[in-house]
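**Q** This is the structure alone, sequence omitted:
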Ligand code: GLC
């Protein structure tokens, strides 16, 4: 029996509002994605993961969902989704959709009902409402801070407060409520029945909560170990929810898959990745790593061991819609923090690392190191998650004027955290035109002039481009990838990593600034032009299996 498709899949993340716009309203849409299925097929991805495309007031880029079983009318219709699913499948590409179960939008009919129904109602019990403290309950129930800054509680007209771990417009659901549990099962079936192959589960570690009074203060919370019994995070009982979902997934043929977005301690990741839970979990370690051989080696070794413990395969990610693009991270001096978008910001023309000196971005160096890192990642056992635009060598757009910013993290910090808009700017498809071919109209986030150099039309013709590199890498990976083992080879240098995959496919990454000499071997692919017998600085090469000696 062959291994399930997802174990070593290349999954390409589409941020629908910023991918392709079919109707010229400046927002990407489902028909736009449909018009680019050929591009995705030519790139060679195994699956596409769509960030939320559901009806939303866009308080958090669509992660504030008003209806889990519909399509935002600005993005299309359910018929368009059916057409997209069919077209992707016809091209041999699977589709994964984002499920956001920790919170709804405040526009969701349940929340509107809860507001209308008042205190003590069953409708309020689907969310987390509490009385305030202080005189007249005018102070929030606790001093907890939301992930996006500011209080985690918001007061409603009748004086009660509700919990929102993220934006004010994202009230947290109460996972102790049977309606909530039943409704998500319905949603998972709804999309599975329509042919969706899998689900990416947003903040999978936060659903269940123990809000028994008295609630701890923020300082007290910080002292409670996150060991499965923490009141808010990574609780063991969240897996009861996923066990129920697993039964839903396994009722389909082939079983539907899921991947957890769980920001938890490494030794807790296998709980989410177990086959009886979600089956796979993101490993975000590379988002936080410097371009550094020792860090990469440790991360790869540790995560392969963790994956083995859960029986799942590992996942590798260098960029996504929440972090500064890796070409930019690697274009700043190490330690180039800002992976989480927080301490890294643009001030005038300079990059600023919070609390540190100002740095100019090294554009070429960043792109070179990003290519080397991507080629390494694509050779690792497990699934590779790519984020739209990284195949174009895109940098973060750092200088979006404040009046165009959309991300709540920018508004709630306020303004200190530059937010995540810089990696969500619509893609350049052509080197000219109103929105670089994104659509006939404008673009909901302004595109900089330098996007022209990264346009698909320009890169597609250039064999040395990052796009050409990704296409060749994905095609070769299909041929070369067999088992899931990785064997380290001593490279003789601390700044060079070398490993072998099952059929003799070898990979060398030179993280250093001195060339690395190779024996006589055939180079299949290199992330920078490489002379025979040499791996240049900051370069990854893939080597053909060594010829066996005759006789
Ligand atoms: C996840 C998403 C992020 C979103 C947050 C709240 O971390 O990736 O974009 O803001 O959840 O839903």
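**A** Good, I have the coordinates. Model, not experiment: these values are computed from the prediction.

**Q** Would you mind naming what in the stretch 251-400 of the chain lies close to the ligand?
**A** 261, 321, 322 (CB under 6 Å from any ligand atom). Placement of C-beta: from N, CA and C, glycine included.

**Q** mind listing the helices for the chain?
**A** Per DSSP state H, the chain carries helices over the ranges 30-34, 37-43, 78-90, 109-117, 178-193, 218-223, 238-250, 269-273, 293-310, 326-329, 363-377, 408-412, 456-460, 466-480.

**Q** where's the fifth one relative to the chain centroid, distance-wise?
**A** What it means is helix 178-193. A distance of 23 Å separates the centroid of the chain from that of helix 178-193, by CA atoms, centre = their mean, to the nearest Å.

**Q** tell me the mean pLDDT over that helix?
**A** The average of the pLDDT scores along helix 178-193 is 98.

**Q** what is the orientation angle of it with helix 238-250?
**A** 30 degrees (axes from the mean of the first three to the mean of the last three CA atoms, to 10 degrees).

**Q** Equivalent analysis for the last one, please.
**A** Here helix 466-480 runs at 80 degrees with respect to helix 238-250, directions being taken by the same axes, to 10 degrees.

**Q** now for helix 466-480, which elements pack on it?
**A** The elements that helix 466-480 packs onto, with contact taken as 3 or more CB pairs under 8 Å, 6 or more residues apart in numbering; DSSP states H and E, are helix 37-43, helix 363-377, helix 456-460, strand 523-526, strand 539-543.

**Q** so of these, which one's packed in deepest?
**A** Highest mean neighbour count of the helices and strands packed on helix 466-480: strand 539-543, a mean of 24 (counted as mean count of other CB atoms under 10 Å).

**Q** Check what contacts that one and list those residues.
**A** 368, 371-373, 375-376, 379, 473, 476, 480, 505-510, 518, 521-528, 530, 535 (CB atoms under 8 Å, 6 or more residues apart in numbering).

**Q** picking that back up, for residue 3, which of the helices and strands packed on helix 466-480 is the nearest?
**A** helix 363-377 (19.4 Å; CB to CB).

**Q** Now do the closest one: which elements does it pack against?
**A** So helix 363-377, by 3+ CB pairs under 8 Å, 6+ apart, packs with helix 326-329, helix 466-480, strand 506-510, strand 539-543.

**Q** Quick check: which of the ones you listed is buried the most?
**A** Using mean count of other CB under 10 Å, helix 326-329 ranks as the most buried of those, with a mean of 30.

**Q** how distant is that one from the center of its chain?
**A** Worked out by CA atoms, centre = their mean, helix 326-329 lies 15 Å from the chain centre.

**Q** mean confidence score for that helix?
**A** The model assigns helix 326-329 a mean pLDDT of 90.

**Q** from now on call the first residue 829
**A** Yes, from this point I'll number from 829; that puts the last item at helix 1154-1157.

**Q** can I assume residue 873 is in contact with residue 1214?
**A** Yes - using CB atoms under 8 Å, residue 873 is in contact with residue 1214, at 7.2 Å.

**Q** hey, what's in contact with both of the two?
**A** Contacts common to residue 873 and residue 1214, judged by CB under 8 Å, 6+ apart, are 838, 839, 840.

**Q** Could you find the closest non-adjacent residue to the last one?
**A** Spelled out, that is residue 840. residue 873 (4.1 Å; CB to CB, 6 or more residues apart in numbering).

**Q** pLDDT wise, what is the one you found at?
**A** So residue 873 comes in at 98 (pLDDT).

**Q** Name all residues that make contact with it.
**A** Here residue 873 is in contact with 838, 839, 840, 921, 1214, 1302 (CB under 8 Å, 6+ apart).

**Q** tell me the two of these that are most distant?
**A** Top of the distance list for the contacts of residue 873 (CB to CB): 921 and 1214, 12.9 Å.

**Q** Residue of this structure closest to the ligand, please.
**A** residue 891 (3.4 Å; CB to the nearest ligand atom).

**Q** Just the pLDDT for the residue nearest to that residue when sequence neighbours are not counted.
**A** Counting by CB to CB, 6+ apart, residue 891 lies nearest to residue 928, which is 5.4 Å off, once chain neighbours are set aside. On pLDDT, residue 928 comes in at 98.

**Q** burial count for residue 928?
**A** By the measure other CB atoms under 10 Å, the count of residues near residue 928 is 25.

**Q** For it, give me its contacts.
**A** 880, 891, 893, 896, 1030, 1031.

**Q** any idea how far residue 979 is from it?
**A** Going from residue 928 to residue 979 by CB to CB, to the nearest Å gives 21 Å.

**Q** Report the separation between residue 1148 and residue 1213.
**A** Taken as CB to CB, the span from residue 1148 to residue 1213 is 7 Å.

**Q** Kindly report the residues of this protein close to the ligand.
**A** Residues of the chain lying near the ligand (CB under 6 Å from any ligand atom): 888, 891, 928, 994, 1030, 1031, 1089, 1149, 1150.

**Q** what do you get if the cut-off is 8 Å, keeping everything else the same?
**A** 879, 888-889, 891-892, 928, 930-931, 975-976, 993-995, 998, 1030-1031, 1089, 1091, 1148-1150, 1236-1237, 1248 (CB under 8 Å from any ligand atom).

**Q** Show me what counts as buried in stretch 840-851.
**A** Within stretch 840-851, the residues that count as buried by 16 or more other CB atoms under 10 Å are 840, 841, 842, 843, 844, 845, 846, 847, 848, 849, 850.

**Q** Could you save those residues as TSV and add columns showing pLDDT?
**A** As requested, the buried residues of stretch 840-851 are exported to TSV (pLDDT from 0 to 100):
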residue	pLDDT
840	99
841	98
842	98
843	98
844	98
845	98
846	98
847	98
848	98
849	98
850	98
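
**Q** Strands - which of these land there?
**A** Among the buried residues of stretch 840-851, the members falling in strands (DSSP state E) are 840, 841, 842.

**Q** neighbours around residue 1350, how many?
**A** For residue 1350, the count of nearby residues is 11 (other CB under 10 Å).

**Q** does it really touch residue 1372, like I thought?
**A** Yes - counting by CB under 8 Å, residue 1350 touches residue 1372, with 4.0 Å between them.

**Q** Check the spacing between the residue nearest the centre of the chain and residue 840 real quick.
**A** The centroid of the chain falls nearest to residue 1148 when counting by CA atoms, centre = their mean (3.9 Å). Using CB to CB, we find residue 1148 at a distance of 11 Å from residue 840.
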